[in-house]
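Undergrad: turn this into a model:
(chains A and B)
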Amino acid sequence: MSLDFLKEEFFRLLERRNFEPDTLTQLRKQSFNQFLEKGFPTQKWENWRFTNLNRLKSKTFRTAGPEDIPDDIPDLEKYKISGINTIVIVNGYFQNKLSSFPEGIIIEPLLDYINSNPEKIDNESPNPFYNLNISFMDSGIAITIKKNTVINKPLRFIYLFTSLQDNVMFSPQIHIICEENSSAQILEQITGNIKGTSFFNLVGTLTLSPNSSLDYSRIIQDNGVSNQFADFNVLQEKDSRFSFFQYSEASKISRLDLNCDLRGEGSECDLMGLSLSDRSNHSDNHIWINHHASHCRSNQFFKSILKNESSGVFNGRTIVHKETQKSDAKQSNKNLLLSKKAVMNSNPQLEIRTEDVKCTHSSTTGELDDDALFYMRSRGLDLPRSQALMVRGFALEELKYVRNKNIYDYLLASLESWLK
Amino acid sequence: MLKIKNLKSSIGEKEILKGINLNVKPGEIHAVMGRNGSGKSTLANMIAGKETARITAGSIVYKGEDLNEKTPEERAMDGIFLSFQYPVAIPGVNITYFLKEALNAKRRYFGKNELDAATFLKRIKEKLELVDLDVSFIKRSLNEGFSGGEKKRNEILQMLMLEPDLAILDETDSGLDIDALKTIAQGIQKYKSPQRSFIIITHYPRLLNYVKPDMVHILIEGKIVKSGGPELAIMLEEKGYTWIEKK
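TA: So this is what the prediction gives:
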């Protein structure tokens, strides 16, 4: 994707959106300039060493437009998860009739939210994809969970894609504000009948006020043909609890940047992920936690299963800053290679700038254990079945952290069909 | 049931078994005793089909068929069971799921219908009681975080569920306290029948106080140097292995 092409697309976007207030236009322009200054990352950049973006850069992606509004209502039965509310977004367009909303939550379209809160958009990021998103942001939602509100039913927003044949770029944003003492479970799902090579470049900003709790999950199932980029920035205040779980099935290139700032004392986060990679696809999880306050606890636990010629990266970093006390930080990354040609780069790092900490980190990458296979075969299971059971077991060790039973069941069924 | 003739095997360049002869008839209990490194576990693994040791001479014939070309799962289908000395942990695979899969694989092999959930549960509850384990145990991942005793009870539980004709118990008694040892022995006693045979591999004669063997074989450096009745185990307890080695 040449920068010249992107420039043309950017000016087309500004023309199409000439109704937007000047503050927003200026924000886009500033951000686009920042993107142009940085350019696309190369493998010479420390945080992109193992991720080759040539396949993305060699294609051109037009921005989504009104022509992408679907003619007919897609069948949602396939994606049914009972006991939850769902907001449906088809090809980037919100579908009011297909959606159901919980009470106690304020949901605003992204652009309305930004117009009334321009200060909420921060242009500063080391990640050019973040700047690219702000430049082109086209859809998205802002969710506020009101003070003292507990939302028991999970809320899902599903980005559904239908019959897009050509290469399209989507730049959605998600803002979630959990006010004091609130609690919610939110699920983001990207899926559909994706045929063209789309480029989905998402930015998420999650703010957890004192004593709030947010359980955020992502499900990415894109037939392995799209490019999935996501940059999440999480700000946690005193005694807040954040849990993150990403289930991802082989995108062409998928990259997650998850930055979690533990700003308030006693805040906690559990960041987890299961990446299933196939063909020559590439999955990159880049997880960054900052302990800025005392008595905070963080946990990173990511697993990958790699088939065929797929590749993966885990780059986890936890920084425990000076003048914090009683910090507890864990990192673990486990990867299972199901083919001699699959490659994994795992790099868990702990950076401790204080003394009063409890930290552990571990990383393992390997094939299925021969002794375990023999054990299972000695009980009468043939080799393929023994392998399948072990791979399933490896994945379940991660999946068990999905607390909602219905979401768990949906993911278990997805996992089993991926393993076949 | 099992006829081992002049079995020699090597791991890499090292010869481990140096000509083993063993004949186990239906209903018999054979004890194979020996120190660490004498080749006991290699013998057990070779009967079950592990490929680390290579046969260089001789044969293992089970129910009239040479086992050499058979996979571990085919041997299991034909009724061979190995209780492992060190059962390996398999995270994420719980005992119920695993045993159901194994049991149904065997039932399909013999043209039987798969067991329904209720019958399976009823059956496993009976067996759990025999090895003194709680029903919550079968929700746990295989051997993960199990104590020594739990691992061995779990092996016996699987034996009771899978109903083999020939059970090889590789040091199932080591590392157990006296209560666990009695429980294991009780499991074996219950399972004994005129059609079923056992090979009990052990360091110590303790288990043989509860499960009386028909034959005792002493294995030293890959060879059976002495075979006899149960009295041989008692002699061994009194005099130690040096007594045999001196002879």
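Undergrad: so where is chain B shaky, pLDDT-wise?
TA: Residue ranges of chain B with pLDDT under 70: B:246-247.
Undergrad: and the strands in it?
TA: Assigned by DSSP state E, chain B shows strands spanning B:2-11, B:14-24, B:29-33, B:54-62, B:65-66, B:80-83, B:90-94, B:141-142, B:166-170, B:197-202, B:215-220, B:223-228.
Undergrad: rebuild those strands as CSV, extending it with distance to chain A and mean neighbour count.
TA: C-betas here are computed from N, CA, C, even on glycine. Formatted as CSV, the strands of chain B follow (distance: least, CB to the nearest CB, whole Å; neighbours: other CB atoms under 10 Å in any protein chain shown):
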stretch, distance to chain A, mean neighbour count
strand B:2-11, 14, 18
strand B:14-24, 17, 18
strand B:29-33, 18, 24
strand B:54-62, 14, 15
strand B:65-66, 17, 12
strand B:80-83, 5, 26
strand B:90-94, 3, 20
strand B:141-142, 7, 22
strand B:166-170, 10, 25
strand B:197-202, 14, 24
strand B:215-220, 21, 22
strand B:223-228, 24, 16
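Undergrad: of all these, which one is nearest A:Leu214?
TA: Checking the strands of chain B against A:Leu214 by CB to CB gives strand B:90-94 as the closest, at 26.9 Å.
Undergrad: what does chain B put close to chain A?
TA: B:48-50, B:71-73, B:75-77, B:81-82, B:84, B:87-93, B:97-98, B:101-102, B:105-106, B:109, B:141, B:158, B:162 (CB under 8 Å from any CB of the partner chain).
Undergrad: kindly recompute the last result at 6 Å.
TA: By CB under 6 Å from any CB of the partner chain, the part of chain B that sits against chain A consists of B:48, B:50, B:72-73, B:76-77, B:82, B:88, B:90-93, B:102, B:105-106.
Undergrad: of those residues, which pair is most distant in space?
TA: Using CB to CB, the pair of those lying farthest apart is B:Met77 and B:Pro91, separated by 26.3 Å.
Undergrad: how far does stretch B:97-110 sit from the chain's center?
TA: Counting by CA atoms, centre = their mean, to the nearest Å, stretch B:97-110 is centred 19 Å from the centre of its parent chain.
Undergrad: got the buried residues for it?
TA: Using 16 or more other CB atoms under 10 Å in any protein chain shown as the test for burial, stretch B:97-110 gives B:97-106.
Undergrad: before we move on, the earlier item: and which of the residues of chain B next to chain A is nearest to B:Lys63?
TA: B:Met77 (11.6 Å).
Undergrad: neighbours around the closest one, how many?
TA: 17 (other CB atoms under 10 Å in any protein chain shown).
Undergrad: turn the buried residues of stretch B:97-110 into JSON lines, columns for distance to A:Ser277.
TA: As requested, the buried residues of stretch B:97-110 are exported to JSON lines (distance: CB to CB, whole Å):
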{"residue": "B:Tyr97", "distance to A:Ser277": "25"}
{"residue": "B:Phe98", "distance to A:Ser277": "26"}
{"residue": "B:Leu99", "distance to A:Ser277": "31"}
{"residue": "B:Lys100", "distance to A:Ser277": "30"}
{"residue": "B:Glu101", "distance to A:Ser277": "26"}
{"residue": "B:Ala102", "distance to A:Ser277": "30"}
{"residue": "B:Leu103", "distance to A:Ser277": "33"}
{"residue": "B:Asn104", "distance to A:Ser277": "31"}
{"residue": "B:Ala105", "distance to A:Ser277": "29"}
{"residue": "B:Lys106", "distance to A:Ser277": "34"}
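Undergrad: what residue in chain A comes nearest to chain B?
TA: Closest approach between chain A and chain B, counting by CB to the nearest CB: A:Gly393, at 2.8 Å.
Undergrad: tell me where chain A has helices.
TA: Counting by DSSP state H, residue ranges of the helices within chain A are A:3-16, A:22-38, A:54-57, A:110-116, A:128-136, A:370-377, A:383-399, A:405-419.
Undergrad: residue numbers of chain A in contact with chain B?
TA: Residues of chain A lying near chain B (CB under 6 Å from any CB): A:371-372, A:374-375, A:377-382, A:389, A:393-394, A:396-397.
Undergrad: buried members of these into PyMOL, please.
TA: Listed next is the PyMOL selection for buried residues among these, using 16+ other CB under 10 Å:
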select buried, chain A and resi 372+374+375+377+378+379+380+381+382+389+393+394+396+397
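Undergrad: hmm, who's touching stretch A:390-410?
TA: Contact with stretch A:390-410 is made by A:81-83, A:154, A:245, A:272, A:274, A:303, A:336, A:368, A:411, A:415, B:90-93, as judged by CB atoms under 6 Å, 6 or more residues apart in numbering or on different chains.
Undergrad: ok, of these, which come out buried?
TA: Neighbour counting by 16+ other CB under 10 Å classes A:81, A:154, A:245, A:272, A:274, A:303, A:336, A:411, A:415, B:90-93 among the contacts of stretch A:390-410 as buried.
Undergrad: which two of the residues you listed have the greatest separation?
TA: Longest span within those, CB to CB: A:Pro154 and B:Ile90, 31.4 Å.
Undergrad: so who does residue 53 touch?
TA: The chain I'm using is chain A. A:Leu53 is in contact with A:Phe40, counting by CB under 6 Å, 6+ apart.
Undergrad: not what I meant, chain B
TA: With contacts defined as CB under 6 Å, 6+ apart, the neighbours of B:Ala53 are B:9, B:11, B:42, B:46.
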